[in-house]
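*Asks:* Sequence first, then the predicted structure:
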Amino acid sequence: MERAEIETKLNELLVEELGLDADKITPNARFEEDLEVDSLGVVELLMALEDNFGVQIPDEEAESIGTVSEAVDLVVLKLNG
Amino acid sequence: MSGVALVTGASRGIGRAIALQLAADGCAVVVNFASSSSKADEVVAEIQASGGSAVAIQADVSDPDAVANLFSTASDELGPVTVLVNNAGITDDGLVLRMSPEQWDRVVNTNLRSVFLCTKAALRSMLRAKSGRIINISSISGISGNPGQGNYAAAKAGVIGFTKSVAKEVGSRGITVNAIAPGFIQTDMTDALGEAVTSAVSEQVALGRLGLPEEVASAVGYLASEGASYITGQTIVIDGGLAL
């Protein structure tokens, strides 16, 4: 899956599953500070990534996700090794 | 009420009454059991005879793999679980001085670890749905303590602390988590205590008798209902006025 495709899909998930405001989602938007995702929301994000991209994200790797772009990076890494 | 209710330890006693209550309230019911296969089938048959929908699924709920399998089978058969009742429980009584570590572990695993495992499994779909009801069956032993039940009381007190913590964790997603602490209810578990003990207990109960499983199940039905939407993190004592 191409990075752009992953990015589009992720943005959809953020709106549909986490209920985020589409206008606020940018590559550099920070989940907790800019998008107001709480700790449980981060768990929901991980579940959404795992379910929709078929990847497994251990907690220690999840900590690297701060921004939307970093979430895309992690999925790209997981999918393409 | 609609949705899918999963009741652990639902082949007998309080669990059976809860399964029947939730079915009567309109839920499709997963009747989980550990070993009483024929008893579980009877519960399923009784629900189906009343026009309800139910399925019996065997699983040792203290085992993570078995729990994962229980929830995926339940979801395949009836749909995602919307009401979870953590009821499965055992006793293995003895004074602490004479209690073996194995006796401790067995009771704590079946009565407390199972609650954690099943709650974790159920929360996934509940988070997605942004609604759900979790009802944990604790015990008056977990509140008042009971000689000979150090293991059981510890597990049941643990259930109450767990209930409050999870209620705080998932409250923002419309999921409620409550506990019920029954006193002495007429089941195989209390039958094992013998006539002398149960009549002595009855004298301590304000209502002067042991409770019926249905009298616990009706409260579960209420907590699972829309009417209980603003109740979370609570423990409802149903003991006929024993611990006053």
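*Replies:* Done, it's in.
*Asks:* Only C-alpha atoms from now on, for both contacts and neighbour counts.
*Replies:* Noted.
*Asks:* how close does the nearest residue to residue B:75 once chain neighbours are set aside sit to chain A?
*Replies:* Nearest residue to residue B:75 in three dimensions, chain neighbours excluded: residue B:81, at 6.8 Å (C-alpha to C-alpha, 6 or more residues apart in numbering or on different chains). Note on residue B:81: its distance to chain A, by C-alpha to the nearest C-alpha, to the nearest Å, is 17 Å.
*Asks:* right, and residue B:81 touches residue B:70 too?
*Replies:* No - taking contacts as C-alpha atoms under 8 Å, residue B:81 lies outside contact range of residue B:70: 10.8 Å.
*Asks:* Between the two, which is the more surrounded one?
*Replies:* residue B:81 (25 against 22; other C-alpha atoms under 10 Å in any protein chain shown).
*Asks:* From residue B:89, how far out is that one?
*Replies:* 20 Å (C-alpha to C-alpha, to the nearest Å).
*Asks:* what residue lies at the spatial centre of chain A?
*Replies:* By C-alpha atoms, centre = their mean, the mean C-alpha position of chain A lies nearest to residue A:71, the distance being 4.2 Å.
*Asks:* List the contacts of residue B:105.
*Replies:* Residue B:105 is in contact with residue B:151, counting by C-alpha atoms under 8 Å, 6 or more residues apart in numbering or on different chains.
*Asks:* Figure out the helix or strand that it lives in.
*Replies:* Per DSSP states H and E, residue B:105 falls inside helix B:101-108.
*Asks:* Report the mean confidence score over that helix.
*Replies:* The average pLDDT within helix B:101-108 is 98.
*Asks:* Just the CA trace of it, in CSV.
*Replies:* The C-alpha coordinates for helix B:101-108 follow below in CSV (Å, rounded to 0.1, in the frame of the first residue of the first chain):
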residue,chain,number,x,y,z
PRO,B,101,-1.3,-21.3,47.6
GLU,B,102,-3.1,-23.4,45.0
GLN,B,103,-6.4,-22.9,46.8
TRP,B,104,-5.8,-19.1,46.7
ASP,B,105,-4.8,-19.0,43.1
ARG,B,106,-7.6,-21.1,41.9
VAL,B,107,-10.3,-18.9,43.5
VAL,B,108,-8.6,-15.6,42.6
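*Asks:* Give the buried residues for it.
*Replies:* B:103-104, B:106-108 (16 or more other C-alpha atoms under 10 Å in any protein chain shown).
*Asks:* go on, stretch B:214-231?
*Replies:* By 16+ other C-alpha under 10 Å, the buried positions in stretch B:214-231 come out as B:214-217, B:219-221, B:223-225, B:229.
*Asks:* circling back: against residue B:28, how distant is the residue nearest to the centre of chain A?
*Replies:* Residue A:71 is 38 Å from residue B:28, by C-alpha to C-alpha.
*Asks:* Check residue B:98 too.
*Replies:* Remark: distance between residue B:98 and residue B:28 (C-alpha to C-alpha) = 44 Å.
*Asks:* out of those two, which sits in the more crowded spot?
*Replies:* A count of neighbours by other C-alpha under 10 Å puts residue B:28 above the other of residue B:98 and residue B:28, at 27 against 10.
*Asks:* residue contacts, that one?
*Replies:* B:2-5, B:22, B:52-54, B:78.
*Asks:* Tell me what it is bridged to.
*Replies:* When bridges are called by DSSP bridges, residue B:28 pairs up with residue B:4.
*Asks:* Report pLDDT for it.
*Replies:* 98.
*Asks:* do the same with residue A:80
*Replies:* If you check residue A:80, the pLDDT there is 83.
*Asks:* Helices along the chain, start to end?
*Replies:* In the absence of a named chain, chain A is used. A:3-16, A:39-53, A:59-62, A:68-80 (DSSP state H).
*Asks:* nope, chain B please
*Replies:* B:13-24, B:37-49, B:64-78, B:101-108, B:114-129, B:141-144, B:150-170, B:188-191, B:195-204, B:213-224.
*Asks:* ok, back up a step: the helix holding residue B:105 vs helix B:114-129, what angle?
*Replies:* Angle, helix B:101-108 to helix B:114-129, by axes from the mean of the first three to the mean of the last three C-alpha atoms, to 10 degrees: 30 degrees.
*Asks:* Quick one: neighbours of residue B:133, just the number.
*Replies:* Neighbours of residue B:133 using other C-alpha under 10 Å come to 26.
*Asks:* my guess is it meets residue B:176, correct?
*Replies:* Yes - counting by C-alpha under 8 Å, residue B:133 touches residue B:176, with 5.1 Å between them.
*Asks:* gap between the nearest residue to residue B:12 once chain neighbours are set aside and chain A?
*Replies:* Counting by C-alpha to C-alpha, 6+ apart, residue B:39 is the residue found nearest to residue B:12 once chain neighbours are left out, at 6.9 Å. As defined by C-alpha to the nearest C-alpha, residue B:39 lies at a distance of 36 Å from chain A.
*Asks:* Contacts only, for the residue nearest the centre of chain B.
*Replies:* Nearest to the geometric centre of chain B sits residue B:87, at 1.8 Å (C-alpha atoms, centre = their mean). By C-alpha under 8 Å, 6+ apart, the contact set of residue B:87 is B:7-10, B:14-15, B:136-137.
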